[in-house]
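Undergrad: Sequence first, predicted model second:
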Amino acid sequence: MVDSPDNKQHNTPAGKEESKSTVSRNQMREMVEESFQHLREGDVVRGTIVAFNDSDVVVDIGFKSEGVIPRSEFTDRDGKLTVKPGDEVDVLVERFDENIGEIRLSRERAAKIRVWEVLETAYRDGSPVRGKVVERVKGGLAVDIGVRAFLPGSLVDLRPTRRLEDYVGEEVEARIINFDRRRANVVLSRKVMLEAQISTLKDETLSQLEEGAIVTGTVKNITDYGVFIDLGGIDGLLHVTDISWGRVGHPNEYFKVGDEVKVVVLRVDKEKERVSLGYRQRFEDPWTHAEARYPVGKKVVGKVTNVVDYGAFVELEEGVEGLIHVSEMSWTKKVKNPKSLLHSTQEVEVVITEVDIDKRRLSLSLRQAEPNPWEEFATRNRVGSKVKGIVRNLTEFGAFVELEPGVDGLVHVSDMAWTRRLTHPSEVVQKGQEIEAMIIAMDIPSQRISLSIKELMPNEWDEFATSHQVGDEVEGFVTNVTDFGLFVELAPGVEGLCHISEVERRGNQPLTASFERGQRVRTRLIRIDWNEKRIGLSLRGIPQPEPVEKTPAPEQEAEEITLDHVPEQVEEEPSASAAPAEEKAGEGTEADSEEPHEN
């Protein structure tokens with residue numbers, strides 16, 4: 001059977017359509033296969049989100065087929081999507097089906113791989129990484145830098161840190177010092193990075209520091225001897241002596257850690273990297289005008305800052321202190337312990353007594369701010385005045401008498417009797433006894449008053465010398481026998497010397513062979529010396545009374561003239577009578593040397 005033309009026309013289009021369908025399917029298969037030739041499982045590629053469905057997110061990764069990722073990888077805790085169509089994300093090719101062209105992707109696994117790649121690059125380049133401290137672990141901190149990393153406690157800061165838990169929740173920047181991707185081990189060091197930063201900053205700071213410049217820093221540490229201030233990569237020392245012009249008990253009185261302060265650069269040693277700072281140098285030295293502000297004699301008010309054994313230091317203003325010496329604390333008391341009068345922080349009124357600008361010293365007086373009882377006493381009394389007082393102390397050279405509170409006078413032993421020889425003041429006065437005396441000398445600046453009891457008593461010597469004259473014969477009692485003569489008591493308190501040349505004797509017979517103490521003798525007055533209060537006697541040609549066995553002296557004389565009370569006579573003056581003047585002079589010297597310690 002031969003086909004008609006109509007049949008040919010009817011069958012031709014159908015054959016062509018079938019041929020085109022076959023070509024399209026083949027081309028599609030080739031294109032898919034070609035795209036899969038460049039895609040491998042485990043590759044991380046960049047994709048764009050194109051659509052969502054109930055379970056997946058569709059991502060275009062630039063291949064002929066689109067990939068899908070579980071919707072859960074793009075939701076937050078509340079189940080809300082965190083991306084939108086058009087957002088670009090890194091994804092990992094988990095698997096693909098060549099037959100149907102389906103590609104299964106993972107965003108989470110891609111992120112982890114990308115993090116490891118970034119961390120490895122940072123480790124090789126020495127670049128810093130940032131992360132959040134999630135918890136404290138044994139020996140250090142756990143830090144989330146995309147993966148869990150370990151930050152040892154010794155490498156958290158430049159100095160060891162005890163409270164590592166204070167870093168939990170904080171973001172830190174550190175450098176990777178150990179990296180093992182296979183074991184998922186990353187070790188960080190914040191200290192290394194800080195040291196590098198500080199080193200750079202230190203060099204920059206040192207190059208800018210100049211002596212005399214005012215810089216700003218942060219108090220980093222406080223010690224007993226000063227304050228360390230961070231100037232930016234380098235610490236400077238502010239010594240305690242450069243904190244204030246005044247007295248500084250401890251640096252923490254002025255600063256606390258973390259304070260920002262302005263200081264003056266005093267010295268810079270770039271080789272040793274040392275910087276000395278000053279705080280007080282920012283202000284004027286108060287001693288510059290101290291001499292004008294505090295002239296001698298000015299009365300001022302200050303605060304006691306320190307009390308020591310020898311006095312007390314008083315601050316008149318910040319940086320200006322003076323010393324009250326213990327001798328300038330009271331007119332009336334002998335201050336042995338200044339703490340019994342003054343204490344720290346006490347306000348006192350003082351008088352400037354001396355100013356030494358070069359040595360930066362002020363001498364102060366506490367007592368001069370009060371009335372001087374010695375000067376007040378001197379306005380009411382003068383030499384020759386009669387005064388009364390209480391005997392407060394007895395010494396070998398005299399008695400100290402309190403005339404008024406804080407005012408003492410000395411009665412020297414030689415001023416207690418005209419002619420009586422005293423071995424101790426207690427023979428005349430007793431401690432606590434009220435006596436009357438005459439002022440014979442006053443030295444108010446030196447706080448010394450000399451008193452005399454005998455000036456208010458009759459002068460036995462003057463009375464005797466007035467009632468007798470040279471040539472008179474008088475009787476007396478031998479009080480002492482010496483190699484050069486005899487001492488004879490002519491009347492109570494009156495004694496004369498009979499030199500050996502005025503005594504008749506046989507040959508070179510010693511006087512002790514013919515005379516003894518207490519023996520009654522008759523003498524002639526051959527000399528009366530009013531200036532030296534001495535009487536010369538002679539026994540030549542004078543009939544002597546009949547010797548009486550153990551003739552005693554009168555009761556009064558026996559009381560005054562005893563073996564214990566009669567002093568040994570000086571043999572250097574064979575022609576002189578009794579020598580009270582020399583003894584007084586000698587005792588006066590002793591008194592002068594002792595008075596400052598007793599008064």
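TA: In hand now; what should we look at?
Undergrad: SS state for the spatially most central residue of the chain?
TA: Nearest to the centroid of the C-alpha atoms of the chain, with distances taken as C-alpha atoms, centre = their mean, sits residue 249, at 4.4 Å. Assigned with DSSP: H, G, I helix; E, B strand; the rest coil, residue 249 falls in the coil class.
Undergrad: again with residue 422
TA: Classified using three-state DSSP, residue 422 is coil.
Undergrad: Quick check: phi and psi on it?
TA: The phi/psi pair for residue 422 (degrees, to the nearest 10) reads phi -110, psi 140.
Undergrad: Surely it touches residue 415?
TA: No: using C-beta atoms under 8 Å, residue 422 makes no contact with residue 415, being 10.3 Å away. The way it works is simple: take the backbone N, C-alpha and C, and place the C-beta from them, glycine included.
Undergrad: neighbour-wise, which of those two wins?
TA: residue 415 (23 against 16; other C-beta atoms under 10 Å).
Undergrad: And residue 243, how close does it get to residue 278?
TA: 8 Å (C-beta to C-beta, to the nearest Å).
Undergrad: would residue 241 count as being in a helix?
TA: Yes: assignment of residue 241 by three-state DSSP places it within a helix.
Undergrad: residues touching it, list them.
TA: If you count contacts by C-beta atoms under 8 Å, 6 or more residues apart in numbering, residue 241 has them with residue 248.
Undergrad: Spatially nearest residue to residue 415 (excluding sequence neighbours)?
TA: Excluding the flanking residues, the one nearest residue 415 by C-beta to C-beta, 6 or more residues apart in numbering is residue 452, at 3.9 Å.
Undergrad: Now do the buried residues in stretch 169-180.
TA: Residues of stretch 169-180 classed as buried: 172, 174-177, 179 (neighbour count, 16 or more other C-beta atoms under 10 Å).
Undergrad: tell me, how many neighbours does residue 384 end up with?
TA: Residue 384 has 9 nearby residues by other C-beta under 10 Å.
Undergrad: Quick check: it touching residue 441?
TA: No: under the criterion of C-beta under 8 Å, residue 384 makes no contact with residue 441, lying 10.4 Å away.
Undergrad: Could you list the paired strands of the helix or strand containing residue 221 along with their orientation?
TA: Take DSSP states H and E as the rule and residue 221 turns out to sit in strand 214-222. When sheet partners are counted by DSSP bridges, strand 214-222 sits next to strand 226-230 (antiparallel), strand 260-269 (antiparallel).
Undergrad: winner for burial among those?
TA: strand 226-230 (a mean of 21; mean count of other C-beta atoms under 10 Å).
Undergrad: residues contacting residue 329?
TA: 311-312, 335, 338, 341-342, 366-367.
Undergrad: Let's see that with 10 Å instead.
TA: 311-312, 335, 338, 340-342, 348, 365-367 (C-beta atoms under 10 Å, 6 or more residues apart in numbering).
Undergrad: One more: residue 51?
TA: So residue 51 contacts 57-60, 66, 68, 85 (C-beta under 10 Å, 6+ apart).
Undergrad: low pLDDT regions in the stretch 351-500 of the chain?
TA: In the predicted model, the stretch 351-500 of the chain carries no residue with pLDDT under 70.
Undergrad: what ranges do the helices span in it?
TA: 373-380, 460-467 (DSSP state H, counting those that start in this stretch).
Undergrad: The stretch 1-150 of the chain now?
TA: 5-36, 107-125.
Undergrad: ranking those by mean pLDDT, which is last?
TA: Of all the helices of the stretch 1-150 of the chain, the minimum mean pLDDT falls on helix 5-36 (a mean of 48).
Undergrad: can you confirm residue 512 is in a strand?
TA: No: under three-state DSSP, residue 512 falls outside any strand and is assigned helix.
Undergrad: Name the residues linked to the closest residue to it other than its chain neighbours by a beta bridge.
TA: Distances taken as C-beta to C-beta, 6+ apart put residue 481 closest to residue 512, at 5.4 Å, once the chain neighbours are dropped. According to DSSP bridges, the residues that bridge with residue 481 are residue 486.
Undergrad: Count the neighbours of residue 481 for me.
TA: 18.
Undergrad: now do residue 326
TA: Residue 326 has 19 nearby residues by other C-beta under 10 Å.
Undergrad: now it: how far from residue 314?
TA: From residue 326 to residue 314 the distance is 13 Å (C-beta to C-beta).
Undergrad: shared neighbours, the two?
TA: Joint contacts of residue 326 and residue 314 (C-beta under 10 Å, 6+ apart) are residue 366.
Undergrad: mind listing the helices for the stretch 151-300 of the chain?
TA: 190-208, 290-293.
Undergrad: nearest to residue 162, of these?
TA: Residue 162 sits nearest to helix 190-208 of all the helices of the stretch 151-300 of the chain, at 15.3 Å, using C-beta to C-beta.
Undergrad: Rounded mean pLDDT for that closest one, please.
TA: Per-residue scores along helix 190-208 average to 83.
Undergrad: Determine the set of other helices and strands touching that helix.
TA: strand 128-137, strand 148-152, strand 171-180, strand 214-222, strand 226-230 (3 or more C-beta pairs under 10 Å, 6 or more residues apart in numbering; DSSP states H and E).
Undergrad: Could I have the CA atoms of that helix written out in PDB?
TA: C-alpha atoms of helix 190-208 as PDB (Å, rounded to 0.1, in the frame of the first residue of the first chain):
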ATOM      1  CA  ARG A 190      45.800  37.800  75.900                       C
ATOM      2  CA  LYS A 191      49.100  38.700  77.700                       C
ATOM      3  CA  VAL A 192      51.200  38.300  74.500                       C
ATOM      4  CA  MET A 193      49.000  40.700  72.700                       C
ATOM      5  CA  LEU A 194      49.000  43.200  75.500                       C
ATOM      6  CA  GLU A 195      52.800  43.100  75.800                       C
ATOM      7  CA  ALA A 196      53.100  43.800  72.100                       C
ATOM      8  CA  GLN A 197      50.600  46.700  72.400                       C
ATOM      9  CA  ILE A 198      52.400  48.100  75.400                       C
ATOM     10  CA  SER A 199      55.800  47.800  73.800                       C
ATOM     11  CA  THR A 200      54.600  49.900  70.900                       C
ATOM     12  CA  LEU A 201      52.900  52.300  73.100                       C
ATOM     13  CA  LYS A 202      55.900  52.500  75.400                       C
ATOM     14  CA  ASP A 203      58.300  53.500  72.600                       C
ATOM     15  CA  GLU A 204      55.800  56.100  71.400                       C
ATOM     16  CA  THR A 205      55.400  57.500  74.900                       C
ATOM     17  CA  LEU A 206      59.100  57.600  75.700                       C
ATOM     18  CA  SER A 207      59.800  59.500  72.500                       C
ATOM     19  CA  GLN A 208      57.300  62.200  73.600                       C
END
